[in-house]
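Participant: One predicted model, sequence on top.
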Amino acid sequence: MRMTELYALNETVDIGSLTFTAEDIVHFARDFDPQPFHLDAELARDTLFGGLCASGWHTSAGWMKCFLAFWAGECRRLAEKGITPPNLGPSPGFTRLGWLRPVFAGDTITYSVSLLGSRALASYPDRVMNTILCAGRNQNDEPVIRFESTVLEFI
Amino acid sequence: MASYTFEDFTPGRRFEFEKRTMTADAIIAFAREFDPQPMHLDEAAGRASILGGLAASGWHTSAVMMRMLYEAYINGSTSEGSPGVDLMEWKRPVLAGDTLGGHCAVLEARVSRSRPEIGIVRLRAEVTNQRDEVVAVCEYINMMRLAATGAGHAHD
């Protein structure tokens, strides 16, 4: 079945949570984003962030991690009902990503997804492009990240 | 190491990226943690996919771009992080063994109205491979502190 047959437009579904430990934050930052506020709590105190916080790219990749775990569960759930799960392909990118609040060491982010729309691709009749809203909020229910992503679907 | 402040980010200014090779090990390690799909984990599965080989997660390419931005201008600068990204395009697969490079350029720069010690810089990064093909494009904001409070370099 297609995404649009399975999920109502604009309906938000939680896809899982991830806790950002200081160790995880520093480990990611050493490889990819070694700015002081992602590496050292002491140095972070004098910046706009005010404390050790995750690279925005780490927070973003956390959405992907949770989505894949969620999607594996969805595929199992659908298969048990005798429904062929949608066949999703790679994403060509995203727009309008906001890192709305810092993700501090110890924060737990709950991620979500909602289907915004789906369009046919003139040059590929066997594919559609879905637009999804991806988001995350912290343990105080404050939004920390949002972006609009596109995902290929083979039909 | 240069120590750039907001005043250095004039529209059109370019910063070149150091080259970086994407190894199979690094691609698989990132994918295991964040994006464990077969085409990011296994050469044969990658070849069978529309990506055509063991391919880096787009999030990995973005993270490597971040590291190239850090080396190009952020290290030692007055960067105060980023509130977001207008667009990120993963235009071509990044395959194991590819060597990435590219540059970023300043699109616009203005001083924050609510925080006059902070400048808001919008940049466009283009990541290329060893054939000079653009594999990723990103337009994003970087907040940069001004050289000194009241230095009078405001652009607006």
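Facilitator: On my side now, so go ahead.
Participant: could you point out the longest helix in chain A?
Facilitator: helix A:56-80 (DSSP state H).
Participant: Do any residues in that helix lie close to chain B?
Facilitator: Yes: if you take Cβ under 8 Å from any Cβ of the partner chain as the test, helix A:56-80 does meet chain B, through A:56, A:57, A:58, A:60, A:61, A:62, A:64, A:65, A:68. Backbone N, C-alpha and C define where each C-beta goes, glycine included.
Participant: Pull the contacting residues for the first one.
Facilitator: Just to be clear, that refers to residue A:56. A:97, A:99, A:145, B:81, B:82, B:84 (Cβ atoms under 8 Å, 6 or more residues apart in numbering or on different chains).
Participant: Of those - the most surrounded one?
Facilitator: Using other Cβ atoms under 10 Å in any protein chain shown as the neighbour criterion, residue A:97 leads those with 26 neighbours.
Participant: Could you pull out the buried residues of the helix or strand harbouring that residue?
Facilitator: Assigned by DSSP states H and E, residue A:97 falls within strand A:93-99. Using 16 or more other Cβ atoms under 10 Å in any protein chain shown as the test for burial, strand A:93-99 gives A:93, A:94, A:97, A:98, A:99.
Participant: give me the element the spatially closest residue to residue B:19 that is not a sequence neighbour is part of.
Facilitator: Spatially, and ignoring its direct neighbours in sequence, residue B:19 is nearest to residue B:101 (4.5 Å; Cβ to Cβ, 6 or more residues apart in numbering or on different chains). Counting by DSSP H and E, the element that carries residue B:101 is strand B:99-111.
Participant: again with residue B:46
Facilitator: Assigned by DSSP H and E, residue B:46 belongs to helix B:43-48.
Participant: And the next helix or strand past that helix?
Facilitator: helix B:58-69.
Participant: Could you double-check that residue B:73 lies in contact with residue B:17?
Facilitator: No: in this structure residue B:73 lies outside contact range of residue B:17 using Cβ atoms under 8 Å: 10.0 Å.
Participant: Tell me which of these two has more neighbours.
Facilitator: Between residue B:73 and residue B:17, counting by other Cβ under 10 Å, residue B:73 is the more crowded of the two (24 against 21).
Participant: so how far is chain A from that one?
Facilitator: 12 Å (Cβ to the nearest Cβ, to the nearest Å).
Participant: Tell me how far that residue lies from residue B:38.
Facilitator: For residue B:73, the distance to residue B:38 (Cβ to Cβ, to the nearest Å) stands at 36 Å.
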